[in-house]
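K.L.:
sequence below, structure please.
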Amino acid sequence: MSYPTASNAIKRLEEAGFLREITGGNYGCQYVCDRVSDELAEN
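P.N.:
Numbering: from 1, shown residues only. Presented below is the predicted three-dimensional model:
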């Protein structure tokens with residue numbers, strides 16, 4: 001997958017509320033999906 005394609009997909013998932021950026025930077029950003037994280041924490 002190309003960088004522009006991946007970047008666009010991440011942007012769309014973030015705007016839809018599925019992903020949240022947790023690093024606070026512009027380079028090497030990391031994201032979390034709170035719905036998945038919450039499920040994993042319960043089990």
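K.L.:
which strands or helices does whatever helix or strand Thr5 lives in pack on?
P.N.:
Here Thr5, judged by DSSP states H and E, is contained in helix 3-15. Applying 3 or more Cβ pairs under 8 Å, 6 or more residues apart in numbering; DSSP states H and E, one finds that helix 3-15 makes contact with strand 31-32. For every residue, glycine as well, the C-beta is placed using N, CA and C.
K.L.:
strand partners (parallel or antiparallel) of the strand it packs on?
P.N.:
As defined by DSSP bridges, the strand partners of strand 31-32 come to strand 20-21 (antiparallel).
K.L.:
ok, and what's touching the strand it pairs with?
P.N.:
Residues outside strand 20-21 that contact it (Cβ atoms under 8 Å, 6 or more residues apart in numbering): Glu14, Cys29, Gln30, Tyr31, Val32, Cys33, Asp34.
K.L.:
could those go into JSON lines alongside pLDDT and distance to Glu42?
P.N.:
Below are those laid out as JSON lines (pLDDT from 0 to 100; distance: Cβ to Cβ, whole Å):
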{"residue": "Glu14", "pLDDT": "96", "distance to Glu42": "24"}
{"residue": "Cys29", "pLDDT": "93", "distance to Glu42": "26"}
{"residue": "Gln30", "pLDDT": "95", "distance to Glu42": "22"}
{"residue": "Tyr31", "pLDDT": "96", "distance to Glu42": "20"}
{"residue": "Val32", "pLDDT": "96", "distance to Glu42": "16"}
{"residue": "Cys33", "pLDDT": "96", "distance to Glu42": "14"}
{"residue": "Asp34", "pLDDT": "94", "distance to Glu42": "12"}
